[in-house]
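> Have a look at this fold, sequence not included:
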């Protein structure tokens, strides 16, 4: 929650009588101590033990469990933010990309396929690209004199995908963009 939201809710709880707020003796600024008032069955209000002071510089973050990759996935070792993984279809796309790179540079080192499969999976799931689209765009980039030395991994492909797709679409052969007609001397279809 944001600081504003926390302050709003603490003030609301204090106004309703659920909290007693007092300046914390050891804090110079924005250091408050909160004591909870808890209702009992007979209507008497108990004051609970004080809660540690809340400071703006100490965000409270809940740890989320890191989900495990599905069975049969290509998986790297677990990292700080989880696993790098991809399905067998993602692995095939990663192997295709490496094969294209290998044709240009026979000394290209074999990649970490789990990491490459992870990037392909993210392109599929998060960016909503099909494996066929990914391969077509990479093939085009791999055949372009400029892009073939700049797009050497699925992560780089993912970063530049929109620019590559746009450039790829603008370089259609002239015959596909223009069509000659008998009644139009310019040859451009309007």
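Okay, I see it. Computed from a prediction, not measured in an experiment: that's the story for all the values here.

> how many neighbours does residue 133 have?
Using other C-beta atoms under 10 Å, residue 133 has 15 neighbouring residues. C-beta coordinates here come from the backbone N, C-alpha and C atoms, glycine included.

> Got the phi and psi for it?
Dihedral pair for residue 133: phi -60, psi -40, per degrees, to the nearest 10.

> what about it, distance to residue 167?
15 Å (C-beta to C-beta, to the nearest Å).

> Residue 148 now?
In terms of C-beta to C-beta, residue 148 sits 13 Å off from residue 167.

> residue contacts, the nearest residue to residue 32 once chain neighbours are set aside?
Leaving aside its chain neighbours, residue 32 sits nearest to residue 21 (5.3 Å; criterion: C-beta to C-beta, 6 or more residues apart in numbering). Residue 21 sits next to 10, 14, 32, 33, 34 when contact means C-beta atoms under 8 Å, 6 or more residues apart in numbering.

> Using PyMOL, define a selection of the buried residues within those residues.
Buried residues among these (16 or more other C-beta atoms under 10 Å), as a PyMOL selection:
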select buried, resi 10+32+33+34
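
> Identify, from the contacts of residue 21, the entry nearest to residue 79.
Nearest to residue 79 among these is residue 10, at 36.6 Å by C-beta to C-beta.

> Please give the element, helix or strand, for that closest one.
helix 3-15 (DSSP states H and E).

> Name the residues of that helix that come out as buried.
10, 13.

> related to what we said a few turns ago, dump the contacts of residue 21 to CSV, plus pLDDT and distance to residue 74.
What follows is the contacts of residue 21, written out as CSV (pLDDT from 0 to 100; distance: C-beta to C-beta, whole Å):
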residue, pLDDT, distance to residue 74
10, 80, 48
14, 78, 54
32, 71, 51
33, 74, 52
34, 73, 50
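
> Go ahead and measure how far whichever strand or helix holds residue 162 is from the middle of the chain.
Secondary structure assigned from DSSP H and E places residue 162 in helix 154-170. Centre-to-centre, helix 154-170 and its host chain are 18 Å apart (C-alpha atoms, centre = their mean, to the nearest Å).

> Return the list of helices and strands in contact with it.
helix 88-104, helix 113-125, helix 131-143 (3 or more C-beta pairs under 8 Å, 6 or more residues apart in numbering; DSSP states H and E).
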